[in-house]
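Undergrad: 3D, please:
(chains A and B)
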There are 2 protein chains.
Amino acid sequence: MFEKKDQKQAGKSSELTALSELGEFGLIDRLTKNIQCFHPETLKGVGDDAAVIATGDKVMLLSTDLLVEGIHFDLTYMPLKHLGYKAAVVNISDIAAMNGIPLQMTVSIAVSSRFPVEALDDLYSGILAACEKYHVDLVGGDTSSSVKGLLISVTITGTARPEEVVYRSGTRSGDLLCVTGDLGSAYMGLLILEREKKVFQANPAMQPELSGFDYQIRRQLKPEARTDIRNVLMGAGIRPTAMIDISDGLASEILHLCKQSNTGCRLFEEKIPIDPQTRELALEYNIIPTITALSGGEDYELLFTVSQSDYEKIKDIEGITIIGHMTDNSGEKVMITPDGKQVELTAQGWNAWTKS
Amino acid sequence: MFEKKDQKQAGKSSELTALSELGEFGLIDRLTKNIQCFHPETLKGVGDDAAVIATGDKVMLLSTDLLVEGIHFDLTYMPLKHLGYKAAVVNISDIAAMNGIPLQMTVSIAVSSRFPVEALDDLYSGILAACEKYHVDLVGGDTSSSVKGLLISVTITGTARPEEVVYRSGTRSGDLLCVTGDLGSAYMGLLILEREKKVFQANPAMQPELSGFDYQIRRQLKPEARTDIRNVLMGAGIRPTAMIDISDGLASEILHLCKQSNTGCRLFEEKIPIDPQTRELALEYNIIPTITALSGGEDYELLFTVSQSDYEKIKDIEGITIIGHMTDNSGEKVMITPDGKQVELTAQGWNAWTKS
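TA: Numbering: from 1, shown residues only, chains lettered A, B, ... in the order given. Below you'll find the predicted structure:
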């Protein structure tokens, strides 16, 4: 108590560690390593897309996500209604990634007085639009002022039968690695919006050039959650062995599956589904198209593995692509390029604290 | 998209409404009035200390709270370990206010890069200390950078049998109004800390004068949740008819009970339990002691009502005080002073946005 802020937060000892040294995943590992659970109903705590809690003959899934202005979104080009929709969707996606059905949501916002009430009306109309589309009940929240900017914290519940829940840790050597939809477009949408923002800032009279990029911009500003995949796979008689949603980029999510399942992985570059226009756009921006998928993030597609014996069942399902397979060599997490080279997969590991 | 920030957030139309015009409760009413629930399992959504969700033969309780640096806490005098403890406790208190048992918690933090990792270690050690004391499992969360300061968003689950859940809306005319513990000390603790902060800022070599005010400072920095009251009342054969925790001050919470139960209330000033030293301190600060209880907040005691027929069962329970009774005149929410005057109860309505 009553130390100078710099003493407490920076210079008290030479042993202090900057947040940027650890990065987000390192920080989470460090903060959560001493957690002790008391209730046998807590089937899975920290470490997956959602916690899993026994409640009678079903399980409850519980997940939470923060969206911070200036870090996760930029109100220059993100309409508040879209922001509300996206804040809900990224949470719904976490329940889809557990193979569950989303049910209830709480939304807390901290907001500075520069926002009028009507701005929050817009934000909530987007949240409620997502709730209506995905049949989620908004059941609570908290509102507060903030010293600066807007922050949204969403928590979601979901349900599933215990045997339906799919963890990150269930994949085995030989399992097929699959992905829904296509990847990289949300990232290209972000780059387009950032480019037009610079043009707009230089000259506010200039109209932004967004036409023709509807798909990429929609993927960035109004993503959807793949709650449909649960039924698609169930209908085909397939139960994924592991699953995760793609929020940080394909490489990062594959590495999560490998780490938690203790497997390796061989990913085939030419199999990665990328929208043709996104591919062209990436080249225009001097970006290798594969990078938009591997490191771009925010596509909110599902990455999952299925047993090799399910190959016949899954190979022709529209909108699902087999992109590789898991191996028993947990030291080898590689992408095979079209000319047969092996590239080690690394998570670009979006390190939020190096930016601020 | 691509409007100037001021256009979007302030001056687009003369019809825009400042957040300070509505205040927190007005804003919540406005944002939540269009909510539609889709699932019959959602027994109670927005509007109580926690949402109530049917899960088999039990209900799940769900509540969430935000704590924002510069709004809810001041790191000049709030040690991070205490802050973590308090962030957990204010949520646990919401489950206690529903007459439930806390079970799981998620904790999300947004933090600027000025904080070293060790600061977050301290914060989490406080969160985990509360989790251990109250047997709550920390099952998830999110970490993010922030543009400025520290923000903590906690969501908690709890459980109860359906018939045990106590809502704000259940009180009836004639019911006795009761409170646990004593009120106002957390607020006096805050005033002492604020005073010493000013002294410290004027001259950092001065040691703050905190000795002798242990109780008030502990109430402010390390509050506890009254999870014990559930068993106390159950043991006495009493089921409260309505309950709420005291986070915003006694007057505000009483008005919540009245509004949601559609009753009036008569509160007797001389019955309000205030610690004698807190009373003295208030007078030293030229504050009417009753005001610290009515408007101070953050005591995290429970306010509840019981049927008049439970009078004999409750009157001698240590640590519970009968402070008034409910009436059928919903237009009359009054405090009776010792000399018999009637004072209308008004919520000071802590309006966060007028401060920023």
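Undergrad: in the stretch 101-250 of chain A, which spans are strands?
TA: Remark: strands assigned in the stretch 101-250 of chain A by DSSP state E, counting those that start in this stretch are A:101-111, A:137-145, A:150-160, A:176-180, A:242-245.
Undergrad: how many residues are close by residue A:92?
TA: The number of residues packed near residue A:92 is 28, by other C-beta atoms under 10 Å in any protein chain shown. All C-beta spots, glycine's among them, are computed from the backbone N, C-alpha and C.
Undergrad: one step back: let me have the strands of the stretch 101-250 of chain A in CSV, extended by distance to chain B.
TA: Conversion of those to CSV gives the following (distance: least, C-beta to the nearest C-beta, whole Å):
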stretch, distance to chain B
strand A:101-111, 4
strand A:137-145, 4
strand A:150-160, 4
strand A:176-180, 23
strand A:242-245, 14
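Undergrad: out of those, which comes closest to residue B:22?
TA: strand A:137-145 (10.0 Å; C-beta to C-beta).
Undergrad: the closest one pairs with which strands, parallel or anti?
TA: Here strand A:137-145 has these sheet partners by DSSP bridges: strand A:101-111 (parallel).
Undergrad: neighbours of the residue of chain A found nearest chain B, how many?
TA: Of all residues in chain A, residue A:56 sits closest to chain B, with a separation of 2.3 Å (C-beta to the nearest C-beta). By other C-beta under 10 Å, 12 other residues sit near residue A:56.
Undergrad: same check on residue A:130?
TA: For residue A:130, the count of nearby residues is 25 (other C-beta under 10 Å).
Undergrad: ok, the spatially most central residue of chain A - contacts?
TA: By C-alpha atoms, centre = their mean, chain A has its centre lying nearest to residue A:247, at 2.0 Å. Going by C-beta atoms under 8 Å, 6 or more residues apart in numbering or on different chains, residue A:247 touches A:90, A:93, A:253, A:297-298, A:300.
Undergrad: make it 6 Å
TA: residue A:297 (C-beta atoms under 6 Å, 6 or more residues apart in numbering or on different chains).
Undergrad: what do you get for residue A:326?
TA: Residue A:326 is in contact with A:171, A:173, A:175, A:263, A:265, counting by C-beta under 6 Å, 6+ apart.
Undergrad: as a check, name the ranges of all helices in the stretch 101-250 of chain A.
TA: Applying DSSP state H, counting those that start in this stretch to the stretch 101-250 of chain A gives helices spanning A:117-134, A:185-202, A:214-221, A:228-235, A:250-261.
Undergrad: which residues of the stretch 251-356 of chain A fall in helices?
TA: Counting by DSSP H, counting those that start in this stretch, the helices of the stretch 251-356 of chain A are A:276-284, A:289-295, A:311-314.
Undergrad: residues near residue A:277, how many?
TA: Neighbours of residue A:277 using other C-beta under 10 Å come to 15.
Undergrad: contacts for the helix or strand residue A:90 falls within next, please.
TA: Here residue A:90, judged by DSSP states H and E, is contained in helix A:80-96. The list of residues contacting helix A:80-96 from outside it, by C-beta under 6 Å, 6+ apart, reads A:49-50, A:61, A:63, A:65, A:67, A:73, A:102, A:119, A:122-123, A:125-127, A:129-130, A:134, A:152, A:154, A:156, A:158, A:221-223, A:225-227, A:245, A:300.
Undergrad: quick one: buried ones out of those residues?
TA: Neighbour-count burial (16 or more other C-beta atoms under 10 Å in any protein chain shown) is assigned, among the contacts of helix A:80-96, to A:49-50, A:61, A:63, A:65, A:67, A:73, A:102, A:119, A:122-123, A:126-127, A:129-130, A:134, A:152, A:154, A:156, A:158, A:221-223, A:225-227, A:245, A:300.
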